[in-house]
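Participant: here are the coordinates; sequence isn't available:
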């Protein structure tokens, strides 16, 4: 089965010359398998990670499609989603089966997929044509060919007509040229309550994103598909890869509790004991990242640092493929992919099970919706669903509800596929009910309460503005999606499946608040469906021709509609940037702080207590030792804001300080109090503490003879009280 069509070129006589042999799935499986084996050689870790990444994203999926035909519109997503799902399931099964040996796991996967290709070659008598490939490579990469291409490219780039036709490409190049010099200024940006966009060279990010979005709109209007795809890549570069470039460690305090679990598996070759946290019962994300790190020798922290951009590349690819299997034109599909990137302000792309779960969910929908063209893809969809269930607690239940509606209404086939989906989902949950129950299966039937944010205080002006922008963007996306349904109905376009995807997640609010984060998950899950609805209507506006409108009023109205579509898209991108970077001063984690917290955690015995005002800037739960610490004291790293807003708004009263001192004096292990710049700024940002409360607390610690300064730098002060 061929993956790509043969590349044919004609010479001056019109005869075919230097045709490239077909790239078949069997060939791709062999190449990715060989690269996976090379990843186990003593090469630089970054190179090994790239080689192993090819196996993860292309290997098993290619082997499966060697034997099972998948409709062309779904193939672009089917290869990576089937590959990722297979690796997740194989590594998880090895861990559960007490057969944890990452290198052997890799060797077995590679052997199976290469063996699959060899069997296919023998059965079809179609072995790779080595001579044809050598001939093609010799001609395609010969010195004369490369020089001729360079001369042609140079002449083309200086051609005024070419530049006029490709002004969108020039705008993307300009955005990148402006973006690169702004990175040092972003890295050194000071504090701003409005986030990164108003600090340092932050405004340049807004300009660069506006250029990229404008380039995309021009490219789409001119039917320049490749430039439109390039603009999506530039958007991911500017909005997501910026974080990797201007920080020396992964952002978000809560990233590190996931890093710690992967580090534990990497260190001990087993899952953390039950009862430490709920993640041991949904371990697939941590298992597969530990496997990848072990085989490639690429550290967990560096992996977490580059994680978000990779996630967004997959999201864009899968949203595009989802639109294609729904029989949308390529222009509509690429528009949906771009919109999915621009309106996604929810910071759920960090190193966490949620990010992988979301990717698996969209990939599942691609295969499920392709079942209307070929039923076998519905059965293939069971693979990513089975990988998703042990990866994340919430996502598969939303996905089961959405897919159930689509199957029952015959928008996907066969309808009874929901039975194996239910068996996988409920069969996994049933033996874990006693573990999940303490966390709460349901929060109560109160959609309004469940939709409430986990932060109830109004906070300072910067927080209020950012919250308002996020709400406005979310409401705008949902509102446009509803209008798009009416547009699709009146123009007789398909809308049922995207509508179910867009609004199905709202049902989650009927019974679960998910710790105050349900409203964020509702919006995140709704993004693919909403952009699939909005994209056709946006294209209809952009394709309007004012010159063809009858009457002056209609011509003006058409121009206004086009302008509103363009400005609205740029505005949505700006709002998305603010939503993503609005918490910037609070979420940064410096490498110095990471090294300090890991050294402090490793140097002190289990039972040591580490207390912060708010978890920001000093991630205690970031090493494999967190298990020993949590076994000795499950509240060993509980911050003071854990006691609730009433407690913190009064803090620090003499009664509270006396209680803190008495509790520390009763311990047989040291007690540490950590004050970080990020935690103090967070308390002010959210309005959790009174002005000056942190300074009062610091003065009390310095004046108390039982406490001493353990360490101090510009961002962190660590106070220690030795055990009595």
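Facilitator: Arrived safely. Keep in mind the model is a prediction, meaning the values are calculated, not measured.
Participant: who are the packing partners of the host helix or strand of residue 681?
Facilitator: In this structure, residue 681 is located in helix 677-686 according to DSSP states H and E. If you count contacts as 3 or more CB pairs under 8 Å, 6 or more residues apart in numbering; DSSP states H and E, helix 677-686 packs onto helix 461-490, helix 584-587, helix 693-703. Where C-beta positions appear, they are placed from N, C-alpha and C, glycine not excepted.
Participant: need these in TSV (columns: mean neighbour count).
Facilitator: Output for those, formatted as TSV (neighbours: other CB atoms under 10 Å):
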stretch	mean neighbour count
helix 461-490	17
helix 584-587	23
helix 693-703	16
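Participant: residue ranges with poor pLDDT in the stretch 551-700 of the chain?
Facilitator: Segments of the stretch 551-700 of the chain classed as low confidence (criterion: pLDDT under 70) are not present in this model.
Participant: still on that earlier bit, who touches the helix holding residue 681?
Facilitator: The contact list for helix 677-686 (CB atoms under 8 Å, 6 or more residues apart in numbering) reads 191, 193, 253, 455, 457, 459-460, 462-463, 583, 585-589, 612-618, 639, 641, 648, 688-689, 691, 693-694, 714-716.
Participant: are any of these buried, and which?
Facilitator: Neighbour counting with 16 or more other CB atoms under 10 Å marks 193, 253, 459, 462-463, 583, 585-589, 612-618, 639, 641, 648, 688-689, 693-694, 715-716 as buried within these.
Participant: nearest to residue 66, of the helices and strands packed on helix 677-686?
Facilitator: Ranking those by distance to residue 66, with CB to CB as the measure, places helix 461-490 first at 37.5 Å.
Participant: for the record, mean pLDDT for that closest one?
Facilitator: Here the mean pLDDT over helix 461-490 is 93, rounded to a whole number.
Participant: still on that earlier bit, now render the helices and strands packed on helix 677-686 as a markdown table, adding distance to residue 43.
Facilitator: Supplementary listing: those in a markdown table, determined by distance: least, CB to CB, whole Å:
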| stretch | distance to residue 43 |
| --- | --- |
| helix 461-490 | 43 |
| helix 584-587 | 34 |
| helix 693-703 | 48 |
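Participant: out of those helices, which is closest to residue 385?
Facilitator: Comparing the helices and strands packed on helix 677-686 by their distance to residue 385 (CB to CB), the top pick is helix 461-490, with 24.9 Å.
Participant: which helices and strands does that closest one pack with?
Facilitator: With contacts taken as 3+ CB pairs under 8 Å, 6+ apart, helix 461-490 sits against helix 496-503, helix 518-542, helix 552-581, helix 677-686.
Participant: out of those, which is closest to residue 226?
Facilitator: The closest of the helices and strands packed on helix 461-490 to residue 226 is helix 518-542. By CB to CB, the value is 17.3 Å.
Participant: now that closest one: average pLDDT?
Facilitator: Per-residue pLDDT over helix 518-542 has a mean of 91.
Participant: assumed residue 717 was part of a strand.
Facilitator: Yes: with the criterion set as DSSP: H, G, I helix; E, B strand; the rest coil, the secondary structure at residue 717 is a strand.
Participant: spatially nearest residue to it (excluding sequence neighbours)?
Facilitator: On the basis of CB to CB, 6 or more residues apart in numbering, the spatially nearest residue to residue 717 that is not a chain neighbour turns out to be residue 675, at 4.7 Å.
Participant: quick one, what contacts that neighbour?
Facilitator: The contact partners of residue 675, taken as CB under 8 Å, 6+ apart, are 612-613, 694, 697-698, 716-717, 719.
Participant: repeat that for residue 562.
Facilitator: By CB under 8 Å, 6+ apart, the contact list for residue 562 reads 541-542, 544, 546.
Participant: gap between it and residue 491?
Facilitator: The gap separating residue 562 from residue 491 is 18 Å, by CB to CB, to the nearest Å.
Participant: what residues sit buried inside the helix or strand residue 628 falls within?
Facilitator: Counting by DSSP H and E, the element that carries residue 628 is helix 626-632. Buried residues in helix 626-632, counted by 16+ other CB under 10 Å: 626-630.
Participant: which one of these is nearest residue 183?
Facilitator: Ranking the buried residues of helix 626-632 by separation from residue 183, with CB to CB as the measure, puts residue 626 on top at 33.2 Å.
Participant: quick one, what contacts the closest one?
Facilitator: With CB under 8 Å, 6+ apart as the criterion, the residues that contact residue 626 are 257, 260, 264, 276, 601, 620.
Participant: could you find the closest non-adjacent residue to residue 579?
Facilitator: Leaving aside its chain neighbours, residue 579 sits nearest to residue 345 (2.7 Å; criterion: CB to CB, 6+ apart).
Participant: that neighbour reaches residue 573, doesn't it?
Facilitator: No: using CB atoms under 8 Å, residue 345 is not in contact with residue 573, being 10.3 Å away.
Participant: which secondary structure element contains the residue nearest to residue 323 when sequence neighbours are not counted?
Facilitator: With CB to CB, 6+ apart as the criterion, residue 323 has its nearest non-adjacent residue at 3.5 Å, and that residue is residue 333. Under the criterion DSSP H and E, the helix or strand holding residue 333 is helix 330-342.
Participant: ranges for the strands of this structure?
Facilitator: When secondary structure is read from DSSP state E, the chain shows strands at 2-4, 9-10, 16-17, 23-24, 609-612, 671-676, 708-712, 716-721.
Participant: any idea of the angle the last one forms with helix 677-686?
Facilitator: So that's strand 716-721. Using axes from the mean of the first three to the mean of the last three CA atoms, to 10 degrees, the inter-axis angle of strand 716-721 relative to helix 677-686 is 100 degrees.
Participant: and strand 716-721, what does it pack onto?
Facilitator: Secondary structure elements in contact with strand 716-721, counted by 3+ CB pairs under 8 Å, 6+ apart, are helix 591-603, strand 671-676, strand 708-712.
Participant: figure out which of the ones you listed is closest to residue 661.
Facilitator: Closest to residue 661 of those, according to CB to CB: strand 671-676, at 9.6 Å.
Participant: any idea of the angle the closest one forms with helix 693-703?
Facilitator: Put simply, strand 671-676 runs at 140 degrees to helix 693-703, going by the same axes, to 10 degrees.
Participant: from the contacts of residue 626, which single one is nearest residue 66?
Facilitator: Comparing these against residue 66 with CB to CB places residue 264 closest, at 36.9 Å.
Participant: just give the nearest non-adjacent residue to that closest one, would you?
Facilitator: Once chain neighbours are set aside, the closest to residue 264 by CB to CB, 6+ apart is residue 624, at 4.2 Å.
Participant: got the phi/psi numbers for that neighbour?
Facilitator: Summarising the backbone geometry of residue 624 under the convention degrees, to the nearest 10, its torsions are phi -60, psi -20.
Participant: so what's it up against?
Facilitator: Taking CB under 8 Å, 6+ apart as the contact definition, residue 624 lies against 260, 263-264, 266-268.
Participant: what about it, distance to residue 172?
Facilitator: Where residue 172 is concerned, residue 624 sits at a distance of 43 Å (CB to CB).
Participant: ok, now which ones touch residue 382?
Facilitator: Counting by CB under 8 Å, 6+ apart, residue 382 makes contact with 417, 420-421, 424.
Participant: sorry, that was for residue 403
Facilitator: The contact partners of residue 403, taken as CB under 8 Å, 6+ apart, are 364-365, 368, 412, 417-418, 421.
Participant: can you check residue 145 too?
Facilitator: By CB under 8 Å, 6+ apart, the contact set of residue 145 is residue 139.
Participant: that one and residue 151, how far apart?
Facilitator: 11 Å.
Participant: grab the nearest non-local neighbour of residue 565.
Facilitator: With CB to CB, 6+ apart as the measure, residue 541 is the residue that lies nearest to residue 565, at 4.0 Å, once sequence neighbours are left out.
Participant: relative to residue 335, how far out is the one you found?
Facilitator: For residue 541, the distance to residue 335 equals 11 Å [CB to CB].
Participant: which one of those two has more residues nearby?
Facilitator: Taking neighbours as other CB atoms under 10 Å, residue 541 and residue 335 compare with residue 335 leading, 28 against 17.
Participant: quick one: that one and residue 220 touch, right?
Facilitator: Yes: with contacts defined as CB under 8 Å, residue 335 counts as touching residue 220 at a distance of 6.0 Å.
Participant: many thanks, have a good one.
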